[in-house]
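A.B. asks: Return atomic coordinates for the entry below.
(2 chains)
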Amino acid sequence: MGNPVLEIANLRTSFSIKGNYHAAVDDVSLTVHENEVVAIVGESGCGKSALALSVMGLHNLKTTKLEGQVNFKGQNLLNLPVSKLNKVRGRDVGMIFQDPMTALNPLATVGRQIEEPMDYHMKLSRGAKKKRVLDLLRRVGIKNEQRVFKQYPHELSGGMRQRIVIAIALACDPVLLIADEPTTALDVTIQAQIMDLMKDLQNQIKSGIILITHDLGVVAEMADRVAVMYAGEIVEIAEVRELFANPLHPYTRSLLNSIPANMKAKEKLHVIEGIVPSIQNLDRTGCRFAPRIKWIAEEEHEMNPQLHEAEPGHFVRCSCYKNFHFPEERVGAETYVTT
Amino acid sequence: MLKFILRRTLIMIPQLLVLSLIIFLLAKAMPGDAVTSSFMSNPNVTPEQMEKMREKLGLNDSWYVQYGHWVGNAVQGDFGQSFTHKQPVTSLLAGRVGNTLLLSTGILIVTYIIAIPLGIIAGRWTDSWADKLIVTYNYFAFATPLFVFSLLMLFLFSFILGWTPIGGSVDIRIETGSFDYIVSKVKHLILPVMSGALLATFGTIQYLRNDIIDTKLKDFVKTARAKGVPESKVYTRHILRNSLLPIAAFLGYEITGLIAGSIFLEMIFSYPGLGQLFIQSVMGRDFTVVTALVMISGTAAIVGTMLSDIILSIVDPRIRID
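C.D. replies: Reported below is the predicted structural model:
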């Protein structure tokens, strides 16, 4: 593992709802090193995208409050004015977005859109820029790059467009790449292709990657370390092998237990009861996962759950993991897998 | 593109035929005819003479014969004689069309000059005091009837302040084409153009404002910011280009309006254009002129739709026509 590229310390991202600020990312600390892939997993609404957008400074500051620190190259990105932040975004940090159907400007050619970050961050002649773009297109696996260069986004398929989005993120050789659910909007075969591409690129570029996903398969394939988020907090963080071999937090265990691949046919699919609470209605005292594991006695939880180092490099929040068990006796109430 | 224009032009032929038929029948269905309106109040003309006149003018022929004559002549640019003005309709229109084009083009340009910056300001800084001011102005522009506003403008600037002429399109006794003539034309244009434009802005402002607010939240704008594009360039390069699409699409229809003219404005400012002629002709039952004018504005509407399509296909790659 190399030097730290990004250090997030006690980041709290709060959104204004009817005049009150509610934290969607709540006291998150995370370090990403050179050539390391840190995956952030969690259900929709757990704050993983809010975290990514906070690092990039892409929240609307009128309705968002950012606290804590995002240290990158010796400066706290949260304190930078937009003009200074623009020297970092697209240059040192690239971002891959979720939905390639909407992430590209419909009125500009592919070439133009990949060139754009170079206009602001690199001093290149027109010819050099074009050469670089064509090279990027080849690197993201586009074969007829000369043609695609002149095409508009609507002329390309979803998978192709996601390749373009990746090419844009890589345009200026960033040292940190943030991929916000890069495969969620794609269909399964294309997902696999894009994941292969991401892995290839990771081996080439050697930058730190934050991979946000709710696909545990993707995590197992790509990540070096995994942070599991629940209701705005990191509840468990560990090396990828360690996490899959020895998941501790009840939420992590429930997530892993919900993967259909682990089940035999006709067995009932495990479902985590309840839903992620919305940020206005979230009870911020005690263990946030407690309402979804009601069969665990209250005294098992901590009053003020902290991250504990259970194994070297393996952190888990709240003491409730110690005596956690699944409610096998309650299985009858759950959904059937139809075969 | 050429093929598209050709195809659209061919489709126009049946459209125009239907249009002309409707116009012709409507005109025929109106009570009275040119002979009645010309000689009704003249006691020296007996009903027999009027009947003879009708026979001579072909007004007693069956409708399809008359229609055939009318269309046949119209295709050759002959819309018949104006009964009130005693001159060919075509030359009558030709004398007026320039004025109307001048007035409408003026309104169109001034409208965009006012509306586009205001729309951009309101959309970019939503809920700022500037936005609130612009939206308030917009409500006024939308709610104020043109004839009331024009009368107020006329009263204030021409009657009380005397800054602009009361009416007409040019001072009399000025040599056509001289420098003074142009100055005089412009002077006569200012007030009607401003009156029309100040109210016509609401559509463009509202569209632009809403579209910018919409586009601001699109993912590709986020992509642009993530590239490190400076905020001003995010607007000019990404948001505005997308938000101007609906405005560009409307341009075609606006061009239609150029030809049809503004009836209210021309009446109130006694500006000798097509709109004023239209009202006068309806009042005087000058059917040849009315039908010609309706036919022309109908044609303009059809051509305008085609223009809109062409403009949109130029600015939006997603609807390229080939």
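A.B. asks: All the helices of the chain, in order from the start?
C.D. replies: No chain was given, so I picked chain A. For chain A, applying DSSP state H gives helices covering A:48-56, A:82-88, A:110-121, A:126-139, A:145-150, A:158-170, A:188-205, A:216-222, A:240-245, A:250-257.
A.B. asks: nope, chain B please
C.D. replies: Using DSSP H, helices in chain B cover B:2-29, B:34-39, B:47-57, B:63-75, B:89-124, B:129-143, B:146-153, B:179-216, B:219-226, B:231-233, B:241-260, B:263-268, B:274-283, B:287-315.
A.B. asks: I'd like to know how many residues surround whichever residue of the stretch 51-200 of chain B sits closest to chain A.
C.D. replies: The stretch 51-200 of chain B approaches chain A most closely through residue B:127 (9.0 Å), counting by C-beta to the nearest C-beta. For every residue, glycine as well, the C-beta is placed using N, CA and C. Using other C-beta atoms under 10 Å in any protein chain shown, residue B:127 has 11 other residues around it.
A.B. asks: Can you name the residues that contact it?
C.D. replies: By C-beta atoms under 8 Å, 6 or more residues apart in numbering or on different chains, the contact list for residue B:127 is empty.
A.B. asks: lowest-confidence helix or strand of chain B?
C.D. replies: Least confident helix or strand of chain B, by mean pLDDT, DSSP states H and E, is helix B:34-39 with a mean of 68.
A.B. asks: closest one to residue B:64 among the helices of chain A?
C.D. replies: For residue B:64, the closest of the helices of chain A is helix A:145-150, at 55.8 Å, according to C-beta to C-beta.
A.B. asks: between the helix or strand bottoming out on mean pLDDT in chain A and helix A:126-139, how big is the angle?
C.D. replies: Counting by mean pLDDT, DSSP H and E, chain A has its least confident helix or strand at helix A:188-205, which shows a mean of 85. Taking axes from the mean of the first three to the mean of the last three C-alpha atoms, to 10 degrees, one finds that helix A:188-205 is oriented at 120 degrees with respect to helix A:126-139.
A.B. asks: Relative to chain A, which residue of the stretch 201-322 of chain B is the closest?
C.D. replies: Closest point on the stretch 201-322 of chain B to chain A, by C-beta to the nearest C-beta, is residue B:228, at 3.4 Å.
A.B. asks: Look up the closest residue to that residue, ignoring the ones flanking it.
C.D. replies: Spatial nearest neighbour of residue B:228, excluding adjacent residues (C-beta to C-beta, 6 or more residues apart in numbering or on different chains): residue A:90 at 3.4 Å.
A.B. asks: tally of neighbours for the residue in the stretch 51-200 of chain A positioned nearest to chain B?
C.D. replies: Going by C-beta to the nearest C-beta, chain B is nearest to residue A:90 of the stretch 51-200 of chain A, at 3.4 Å. When neighbours are counted by other C-beta under 10 Å, residue A:90 registers 28.
A.B. asks: doesn't residue A:117 make contact with it?
C.D. replies: Yes. With contact defined as C-beta atoms under 8 Å, residue A:90 reaches residue A:117; the gap is 4.0 Å.
A.B. asks: So for those two, which residues contact both of them?
C.D. replies: Common neighbours of residue A:90 and residue A:117, using C-beta under 8 Å, 6+ apart, are A:171, A:172, B:227, B:228, B:229.
A.B. asks: and chain A, which residues reach chain B?
C.D. replies: A:56, A:58, A:82-83, A:85-91, A:94-95, A:97, A:99, A:102-108, A:113, A:116-117, A:120-121, A:152, A:154, A:165, A:168-169, A:171 (C-beta under 8 Å from any C-beta of the partner chain).
A.B. asks: and the residues you listed, which are buried?
C.D. replies: Buried members of the residues of chain A next to chain B, counted by 16 or more other C-beta atoms under 10 Å in any protein chain shown: A:56, A:58, A:85-86, A:88-91, A:94-95, A:97, A:99, A:102-108, A:113, A:116-117, A:120-121, A:152, A:165, A:168-169, A:171.
A.B. asks: From the centroid of the chain, which residue is nearest?
C.D. replies: You didn't say which chain, so I picked chain A. residue A:212 (1.4 Å; C-alpha atoms, centre = their mean).
A.B. asks: Oops, wrong one, chain B.
C.D. replies: Closest-to-mean residue, chain B, C-alpha atoms, centre = their mean: residue B:257 / 2.1 Å.
A.B. asks: Quick check: chain neighbours aside, which residue is closest to it?
C.D. replies: Closest residue in space to residue B:257, ignoring its immediate chain neighbours: residue B:104 at 6.2 Å, by C-beta to C-beta, 6+ apart.
A.B. asks: In this structure the one you found contacts residue B:263, no?
C.D. replies: No. If you go by C-beta under 8 Å, residue B:104 and residue B:263 don't touch, sitting 11.7 Å apart.
A.B. asks: Mind checking which of these two has more residues around it?
C.D. replies: Each of residue B:104 and residue B:263 has its neighbours counted (other C-beta under 10 Å); residue B:104 has more, 25 against 18.
A.B. asks: In contact with that one, which residues?
C.D. replies: By C-beta under 8 Å, 6+ apart, the residues touching residue B:104 are B:257, B:258, B:259, B:261, B:262.
A.B. asks: Contact partners for residue A:83?
C.D. replies: Residue A:83 sits in contact with residue B:230, where contact means C-beta under 8 Å, 6+ apart.
A.B. asks: Okay, now the unreliable bits of chain A?
C.D. replies: Residue ranges of chain A with pLDDT under 70: A:1, A:261-266, A:328-339.
A.B. asks: switch the cut-off to 80
C.D. replies: Counting by pLDDT under 80, chain A contains low-confidence residues at A:1-2, A:259-271, A:327-339.
A.B. asks: how close does residue A:167 sit to residue B:289?
C.D. replies: 63 Å (C-beta to C-beta, to the nearest Å).
A.B. asks: before we move on, what about residue B:156?
C.D. replies: 34 Å.
A.B. asks: Between those two, point out the one with more neighbours.
C.D. replies: Comparing residue B:156 with residue B:289 by other C-beta under 10 Å, the one with more neighbours is residue B:289, at 27 against 13.
A.B. asks: For that one, give its distance to residue B:100.
C.D. replies: 14 Å.
A.B. asks: go on, residue A:286?
C.D. replies: For residue A:286, the distance to residue B:100 (C-beta to C-beta) stands at 76 Å.
A.B. asks: More neighbours: which of these two?
C.D. replies: residue B:100 (26 against 16).
A.B. asks: what's the pLDDT at the closest residue to that one other than its chain neighbours?
C.D. replies: Leaving aside its chain neighbours, residue B:100 sits nearest to residue B:273 (3.6 Å; criterion: C-beta to C-beta, 6+ apart). Here, the pLDDT recorded for residue B:273 equals 86.
A.B. asks: in terms of contact, does residue B:273 touch residue B:105 like I think?
C.D. replies: No. Using C-beta under 8 Å, residue B:273 is not in contact with residue B:105, being 11.8 Å away.
A.B. asks: between those two, which one's more packed in?
C.D. replies: residue B:273 (25 against 14).
A.B. asks: how about that one, phi and psi?
C.D. replies: phi -120, psi -170 (degrees, to the nearest 10).
A.B. asks: ok, now which ones touch it?
C.D. replies: B:96, B:97, B:99, B:100, B:103, B:169, B:261, B:262, B:266.
A.B. asks: related to what we said a few turns ago, ok, the residue of the stretch 51-200 of chain A closest to chain B - contacts?
C.D. replies: Listed by C-beta under 8 Å, 6+ apart, the contact set of residue A:90 reads A:117, A:120, A:121, A:171, A:172, A:174, B:226, B:227, B:228, B:229.
A.B. asks: let's go with 10 Å and repeat that
C.D. replies: Contacts for residue A:90 (C-beta atoms under 10 Å, 6 or more residues apart in numbering or on different chains) come out as A:56, A:116-121, A:168-169, A:171-172, A:174, B:223-229.
A.B. asks: what's the answer for residue A:324, then?
C.D. replies: Neighbours of residue A:324 in contact, by C-beta under 10 Å, 6+ apart: A:248, A:249, A:250, A:251, A:253, A:254, A:289, A:293, A:295, A:296, A:300, A:318.
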